[in-house]
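In: Okay, sequence plus prediction incoming.
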Amino acid sequence: MKYKAVLFDLDGTLLDTLKDIADSVNAALSQFGFPVHKVEAYKYFIGDGREVMVSRALPERCREEATVSKVATCVNKEYAKRWPNNARPYAGIPRLLDALSNRDIRTVILSNKPDDFTKLMASKLLSRWQFEVVAGSRPLLPRKPDPSAAMQIALQLNIQPSEFLYLGDSGVDMMTAVAAGMYPVGALWGFRDADELLAQGARELIKHPPDLLSLL
C-alpha cells in the first residue's frame, strides 16, 4: 500500500463549523460596533488562524494589532459558548473514517484553529475514531502553510511524508502538503473552490469523503 496515513484538516474538511464560527465572530463584531457579515463570507475569512480571520472580518481601516487582539479575545469567548450548536461531521466522513480504521490506515488532524478548540471538538464530535495526533495552532509552532507541524507529525509517527495523503479544503492546506512532501488532495465539500485548490498544488480533487479511498 502506497499510503500509510491520512492527515486531515478540521474545519471545512472533517467538520462543518461555518455557522458557529460566523455567529461567534459576528457577535464579537457587534459588541464593538463593527458591521457583521453573512455566513457565506466566512468561507473566505477562515483558514489562516483566528487573528487573520478577525482581521479579514474587520473594516479595513480598523485592522491595527490592538483592535484585532481585543476582538479576537471576544471571539474566543463567544465561540466557547457556540461551537457545539451546529458543528457536525460532513456527510460521508463517518463512512470514510470507518473504512480507514478497518484498513489500519493511521489518521491525524492538523488545524489552524487554536489547539484547545481543535482537541475539544475532535474529542466531542469525532470520538468514535482514534486519531493518533490532534493538533491545532500553538504559540511555539508556525501555522500552516508552514510545513513544520506536518513534518513533526510524520516524524512522531515514524512515517515518511511521502506516505501521507493530506486532505484539506483550502489553498493553505494544499501549500502545506506540497511543502511537507505529502500528497495533496482537495475536498470540494469545504469552504474553498476547485480553482484555489488546484492553483495551490492539489493533485486530486474529490467530491465526497469516501472518494479518498480510491487513492489508497
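Out: Noted; the coordinates are in hand.

In: How far off centre is the longest strand seen in the chain?
Out: Assignment by DSSP state E gives strand 106-114 as the longest strand of the chain. Distance of strand 106-114 from the chain centroid (C-alpha atoms, centre = their mean, to the nearest Å) equals 7 Å.

In: now the angle between strand 106-114 and the helix or strand following that strand, please.
Out: Scanning forward in sequence from strand 106-114, with DSSP states H and E defining helices and strands, the next element found is helix 115-125. Between the axes of helix 115-125 and strand 106-114, defined by axes from the mean of the first three to the mean of the last three C-alpha atoms, to 10 degrees, the angle is 130 degrees.

In: quick one: buried residues of helix 115-125?
Out: The neighbour-count criterion (16 or more other C-beta atoms under 10 Å) identifies Phe117, Thr118, Lys119, Leu120, Met121, Ala122, Leu125 as the buried residues of helix 115-125. Yep, even glycine has a C-beta here, placed from its N, CA and C like the rest.

In: domain ranges for this structure?
Out: Under the assignment named as automatic domain parsing, the residue ranges that make up the domains of the chain are 5-16+87-215, 18-82.

In: elements contacting the longest helix along the chain?
Out: For the chain, the helix that runs over the most residues, judged by DSSP state H, is helix 65-82. Identification of packing neighbours for helix 65-82 by 3 or more C-beta pairs under 8 Å, 6 or more residues apart in numbering; DSSP states H and E yields helix 18-31, helix 50-57.

In: The helix or strand that it is followed by: partners in the sheet, and parallel or antiparallel?
Out: Downstream of helix 65-82, the next assigned helix or strand under DSSP H and E is strand 88-89. Next to strand 88-89 in the sheet, as set by DSSP bridges, lie strand 15-16 (antiparallel).

In: what does the strand it pairs with contact?
Out: Here strand 15-16 makes contact (C-beta atoms under 8 Å, 6 or more residues apart in numbering) with Asn86, Ala87, Arg88, Pro89, Tyr90, Ile93, Met121, Leu125, Leu126.
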